[in-house]
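Asks: have a look at this prediction, sequence included:
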Amino acid sequence: MKYLILVTVALVGFISAASFSVPTRSVSSLRAKLIRENKYQDFLAQQQSARTLQLNSGSQPFLDYFDDFYLGNITLGTPAQTVTIVLDTGSSNLWVIDAACNSEACNGDPKSGFPKHKFNTTASSTFVTESRKFSISYGSGSCSGHLGKDTITMGGLTISNQEFGVAETLASVFAEQPVDGILGLGWPALAEDKVIPPMQNLLPQLDSPLFTVWLDRKIHGSDGGNGGLITYGATDTINCDSDISYVPLTSKTYWEFALDGFSVGSYSETKTAKVISDTGTSWIGAPHAVISAVVKATGAKFDWSTELYTVDCSTMQTQPDLVFTIGGKPYNVKSVEYILDLGLSKNKCALTFFGMTYMGFGPSWILGDTFIRQYCNVYDIGNARIGFSQAKHSF
Ligand SMILES: *[C@@H]1O[C@H](CO)[C@@H](O)[C@H](O)[C@H]1NC(C)=O
Ligand SMILES: *[C@@H]1O[C@H](CO)[C@@H](O)[C@H](O)[C@H]1NC(C)=O
């Protein structure tokens, strides 16, 4: 995809260069006039920047850790420093780790095998620091520090003056994860400190005001290999079925919409619930009654040592489908998607569910990577809607 875009830009450049060399009267006289007035260089520079402002799209691979974490590389600063971050539709802030922070969470637990790539603000000539503090908490832990601005690139696209958090304090949970930061792809209303999310700043450059997520699967022990693609500004016609069904969002905070029903085995629920699509959540968060139903339908047992519901791995392909009803259509998630081989002992595989207690507000379900592996998600900002289509996998 990235290669394709380079070709497009080059082609546009070529065409305008060609039209320049055509000696039509108006062009040559304009050129002569500009040269006479010593404005020709400025004119060329202007043309150049008009060309780089061409509408565009870009994409980048997801790095797949055990089908459980899907990360991406972005760069910050001048010269560019690469960090590996969560591309998270369940939050709306970008933050990275300050090179000056030397806690174990900031450096990574040496035993985890995931050394952190921290951001050195003083090594970037384009970094502008701010006195404003920032702090954010997630389901898994929190981080805090100060804000700053710099150039960032994602999927080959560049954003100047992106505001983001430089974390000086990090929850210890991050020490064990292959994560150098988080890039929130949620709506501005969800952003802490009213920081404009990168995706919003990217919109003016894009062909279409949307992005598409395809998550691949490895099934057995992937450790950072390519495992999917995120496409900014276009749908993904290579990895996703072209038949996309959209539903309107019920809130422009998370990517929230209505789940009309759910069934598994003999269990069926037809009451509408609020659900969010969250690439930053590995599994499916569901009401406790649903967890019980899935446990019953699959014959899963609670494993006290890991605190997970597990089934024998040999049943991974043969358990009943989960069926989600969204916008009146059924979406089946096969057991090969919702049962995960985490390398547990005794040939046990995990049900990728966790229980959620509805608090009277917010979503009562979270459709994380388990769901998104089966269905590409099109996050359509321009039309405030979300689309789903079957994801393609090589096996
Ligand atoms: C992602 O960035 C890390 C850290 O700089 C690097 O080791 C890795 O090779 C990069 N992966 C890809 C696919 O670019
Ligand atoms: C950050 O970069 C500066 C300038 O290149 C360098 O002097 C400093 O040692 C770096 N700091 C860290 C913590 O790596």
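Replies: Okay, I see it. Ligands and ions are numbered 1, 2, ... in the order given.
Asks: by contact count, what packs against the strand or helix carrying residue 247?
Replies: Taking DSSP states H and E as the definition, one finds residue 247 inside strand 245-248. Under the contact criterion of 3 or more Cβ pairs under 8 Å, 6 or more residues apart in numbering; DSSP states H and E, strand 245-248 touches strand 255-259, strand 385-390. (Glycine included, C-beta is placed from N, CA and C.)
Asks: could you give the bridge partners of residue 133?
Replies: residue 146 (DSSP bridges).
Asks: residue contacts, it?
Replies: Neighbour list for residue 133: 144-147 [criterion: Cβ atoms under 8 Å, 6 or more residues apart in numbering].
Asks: tell me which element the residue nearest the centre of the chain is part of?
Replies: Computing the C-alpha centroid of the chain and ranking residues by Cα atoms, centre = their mean puts residue 87 first, at 3.1 Å. Residue 87 is located in strand 81-88, with elements delineated by DSSP H and E.
Asks: neighbouring strands for that strand, and are they parallel or not?
Replies: strand 69-76 (antiparallel), strand 181-184 (parallel).
Asks: please see if the next helix or strand after that strand touches ligand 1.
Replies: Sequence order places strand 94-97 as the next helix or strand after strand 81-88, per DSSP H and E. No: Strand 94-97 does not reach ligand 1 (Cβ under 6 Å from any ligand atom); its nearest approach is 12.1 Å.
Asks: what's in contact with strand 94-97?
Replies: Residues outside strand 94-97 that contact it (Cβ under 8 Å, 6+ apart): 76, 83, 85, 106, 116, 118-119, 134, 136, 143, 145, 152, 162, 164-167, 170, 180-184, 195, 197-198.
Asks: quick one: residues contacting residue 166.
Replies: 95-98, 119, 121, 129, 145-148.
Asks: tell me which two of those residues sit farthest apart.
Replies: Spatially, the most separated pair among the contacts of residue 166 is 97 and 129, at 15.3 Å (Cβ to Cβ).
Asks: so for the two, which sits in the more crowded spot?
Replies: residue 97 (28 against 13; other Cβ atoms under 10 Å).
Asks: the more buried one and ligand 1: what is the separation?
Replies: If you measure residue 97 against ligand 1 using Cβ to the nearest ligand atom, to the nearest Å, the figure is 13 Å.
Asks: beta partners of that residue?
Replies: residue 167.
Asks: ok, residue 356 next?
Replies: Under DSSP bridges, the beta-bridge partners of residue 356 are residue 287.
Asks: what's the answer for residue 85, then?
Replies: When bridges are called by DSSP bridges, residue 85 pairs up with residue 72.
Asks: pLDDT below threshold where in the chain?
Replies: The chain contains residues with pLDDT under 70 at 1-55, 66-67, 218-225, 395.
Asks: what parts of it come near ligand 2?
Replies: When proximity is defined by Cβ under 6 Å from any ligand atom, the chain lies next to ligand 2 at 99-100, 120, 122-123.
Asks: repeat that for 8 Å
Replies: Contact residues (Cβ under 8 Å from any ligand atom) of the chain with ligand 2: 99-100, 118, 120-123.
Asks: returning to that earlier point: for the strand holding residue 87, buried residues please.
Replies: Within strand 81-88, the residues that count as buried by 16 or more other Cβ atoms under 10 Å are 81, 83-88.
Asks: make TSV out of these and add distance to residue 343.
Replies: TSV is the format used below for the buried residues of strand 81-88 (distance: Cβ to Cβ, whole Å):
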residue	distance to residue 343
81	33
83	27
84	22
85	25
86	22
87	25
88	25
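Asks: of these, list those near ligand 1.
Replies: Within the buried residues of strand 81-88, those near ligand 1 by Cβ under 8 Å from any ligand atom are 83-84.
Asks: quick check, nearest of the buried residues of strand 81-88 to ligand 2?
Replies: Checking those against ligand 2 with Cβ to the nearest ligand atom, the nearest one is residue 81 at 9.7 Å.
Asks: would TSV of the contacts of residue 166 with distance to residue 254 be doable?
Replies: What follows is the contacts of residue 166, written out as TSV (distance: Cβ to Cβ, whole Å):
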residue	distance to residue 254
95	18
96	22
97	25
98	28
119	27
121	30
129	30
145	24
146	26
147	23
148	26
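Asks: kindly indicate which of those lies nearest residue 58.
Replies: Using Cβ to Cβ, residue 96 is the member of these that lies nearest residue 58, at 19.9 Å.
Asks: burial check on the closest one, number of neighbours?
Replies: For residue 96, the neighbour count with other Cβ under 10 Å is 29.
Asks: begin at 53 from now on, thanks
Replies: Sure, I'll start counting at 53 from here, so that last one is residue 148.
Asks: residue 391 versus that one, what's the distance?
Replies: Note on residue 148: its distance to residue 391, by Cβ to Cβ, to the nearest Å, is 34 Å.
Asks: try residue 227
Replies: Residue 227 is 28 Å from residue 391, by Cβ to Cβ.
Asks: who has more neighbours out of the two?
Replies: Neighbour count, other Cβ under 10 Å: between residue 227 and residue 391, residue 391 has more, with 25 against 21.
Asks: ok, now which ones touch that one?
Replies: 350, 363, 365, 367-368, 371, 401-404.
Asks: ok, residue 203 next?
Replies: 128-130, 178, 210-214.
Asks: one more pass at 7 Å, please.
Replies: By Cβ atoms under 7 Å, 6 or more residues apart in numbering, the residues touching residue 203 are 129-130, 178, 210-212.
Asks: how about residue 155?
Replies: Shown in contact with residue 155 (Cβ under 7 Å, 6+ apart): residue 222.
Asks: make it 10 Å
Replies: 149, 220-222, 224, 226-227 (Cβ atoms under 10 Å, 6 or more residues apart in numbering).
Asks: quickly note the distance from the residue lying closest to residue 195 once chain neighbours are set aside to ligand 1.
Replies: Spatial nearest neighbour of residue 195, excluding adjacent residues (Cβ to Cβ, 6 or more residues apart in numbering): residue 219 at 4.4 Å. Using Cβ to the nearest ligand atom, we find residue 219 at a distance of 17 Å from ligand 1.
Asks: lovely, talk soon.
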